[in-house]
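Engineer: structure of the sequence below:
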Amino acid sequence: MPTFEFQPILDAHPHDTPYRLITADHVSTVEAAGRSFVTVEAAEASRASPREAMRDIAHFLRPGHLAQLKKILDDPEASGNDRFVALDLLKNAGIAAGGILPMCQDTGTAIVMGKKGQFVITGGGDEEAIARGVYETYATSNLRYSQLAALVDVQGGQHRRQPAGADRALRDQRATSTSSCSWPRAGLGQQELPLSRDQEPAQPAEPDGLPRAKVRSLGTAACPPYHLAVVIGGTSAEYALKTAKLASARYLDELPGEGNKLGRGFRDRSLEADVLAMTQRIGVGAQFGGKYFCHDVRVIRLPRHGASCPVGIAVSCSADRQCLGKITRGGVWIEQLERDPARYLPEPDPQELGGAVVKIDLTRPMAEVRAELSRHPIKTRLSLTGPLIVARDIAHAKLKERLDRGEGLPST
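Structural biologist: Coordinates of the predicted model:
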């Protein structure tokens with residue numbers, strides 16, 4: 001019989017993440033059975049972390065993300081549309097940092113994934129405490145509830161407003177802390193695409209294979225520039241998708257750069273460079289023309305069954321809302337996000353933004369508006385004046401159904 005050797009599939013090293021202290025209360029230590037345990041008042045401490053995290057990520061961004069936006073402005077290869085989008089996103093970050101309006105109107109579904117050390121005692125109720133912390137943020141801030149309850153025959157607004165998807169796992173370590181990663185999943189801001197095929201996809205020699213068609217199909221609906229994650233392999237399609245979500249949040253950045261015979265997952269940095277180059281060539285750009293469809297790419301390779309290869313693709317959108325947190329014997333902590341995004345703003349030269357702006361008067365007959373729009377390519381920047389109805393895709397479809405039936409648009 002061969003010797004058993006255990007290998008974690010995702011063997012990531014600790015993150016070099018700056019944290020800020022939320023509170024030193026509600027956490028203490030106790031000695032028992034010759035060991036030291038951290039005791040956490042879940043109703044308070046486990047509630048404080050997501051409450052603060054969800055508020056922060058609605059208004060603040062990671063410094064690295066803001067630096068990538070500034071990089072677009074400094075890149076001579078960036079298109080006029082690339083630079084226009086990057087500059088507007090930086091301005092938007094400055095407005096959101098005021099703490100009143102969130103950086104994105106779709107504040108999505110709160111998702112919290114956590115790990116609890118085996119020497120941490122909470123007394124239970126962690127999921128409820130996490131959900132309550134999220135609820136308190138959505139109930140007291142300018143954040144939109146986007147939930148639909150699963151009802152019989154009909155979907156209705158969620159009565160209790162904003163639920164949280166909380167995934168709390170036991171850390172299989174001798175740990176005396178808990179850790180978490182929080183983010184809101186907007187309607188299109190995070191996408192996971194389950195794929196499978198019976199042969200190894202996207203070898204380094206052919207990076208324009210499977211990922212190209214699927215990545216391009218993301219289009220601009222999820223608001224690029226994206227942080228793109230591709231996971232190749234996995235013990236199941238579900239595991240591949242979960243890994244893709246974590247990778248898109250840059251939670252797995254510290255994975256090793258190569259695998260081993262025991263099947264550990266690793267970052268394929270060579271393929272990451274190839275896929276990033278591919279996204280720059282497809283021409284979609286930040287919005288309709290350019291180089292910056294993606295800020296960066298993560299490619300994670302996982303062990304898999306010999307007869308199948310699940311592939312997961314996930315993106316984090318331009319409202320890159322991610323936040324790490326932890327509870328230790330020292331208190332409750334969350335990731336320190338950038339409080340002064342204005343320092344990334346350049347002194348812009350309007351001439352460098354490129355391309356003429358076409359003015360459209362929406363009070364003109366729609367036939368004339370359509371005729372004017374038809375004269376310009378999709379990537380043309382527009383200045384719209386007049387009444388405008390803004391809605392999500394499904395709402396537009398319902399409005400068109402009303403018009404087709406001759407019912408007109410609703411007045412309220």
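
Engineer: where in the chain is the helix or strand with the lowest mean pLDDT?
Structural biologist: Ranked by mean pLDDT, DSSP states H and E, the weakest helix or strand in the chain is strand 190-197, scoring a mean of 42.

Engineer: tell me which helix or strand comes right after that strand.
Structural biologist: helix 210-217 (DSSP states H and E).

Engineer: list the buried residues in the longest strand seen in the chain.
Structural biologist: The residue-count maximum for a strand in the chain (DSSP state E) belongs to strand 294-304. Buried positions in strand 294-304, judged by neighbour count with 16 or more other C-beta atoms under 10 Å: Cys294, His295, Asp296, Val297, Arg298, Val299, Ile300, Arg301, Leu302, Arg304. Any C-beta I mention is one placed from the backbone N, CA and C, and that applies to glycine too.

Engineer: now it: mean pLDDT?
Structural biologist: On average, the pLDDT along strand 294-304 is 96.

Engineer: so Glu347, which state does it fall into?
Structural biologist: Here Glu347 is coil, with the state taken from DSSP: H, G, I helix; E, B strand; the rest coil.

Engineer: what's the answer for Gly312, then?
Structural biologist: strand.

Engineer: same question, Lys326
Structural biologist: With three-state DSSP as the criterion, Lys326 reads strand.

Engineer: give me the beta-bridge partners of the most centrally placed residue in the chain?
Structural biologist: Residue closest to the mean C-alpha point of the chain, counted by C-alpha atoms, centre = their mean, is Ser316 at 3.2 Å. Counting by DSSP bridges, Ser316 is bridged to Gln190, His227.

Engineer: wait, doesn't it sit right on Asp296?
Structural biologist: No - taking C-beta atoms under 8 Å as the definition, Ser316 is not a contact partner of Asp296, at 10.1 Å.

Engineer: common neighbours of the two, please.
Structural biologist: Shared contacts of Ser316 and Asp296, defined by C-beta atoms under 8 Å, 6 or more residues apart in numbering, comprise His227.

Engineer: circling back to that earlier point, distance of the residue nearest to the centre of the chain relative to Leu345?
Structural biologist: Look at Ser316 and Leu345: by C-beta to C-beta, to the nearest Å, they are 22 Å apart.

Engineer: how about Ser146?
Structural biologist: Ser146 is 30 Å from Leu345, by C-beta to C-beta.

Engineer: can you check Ala33 too?
Structural biologist: Distance from Ala33 to Leu345, by C-beta to C-beta: 56 Å.
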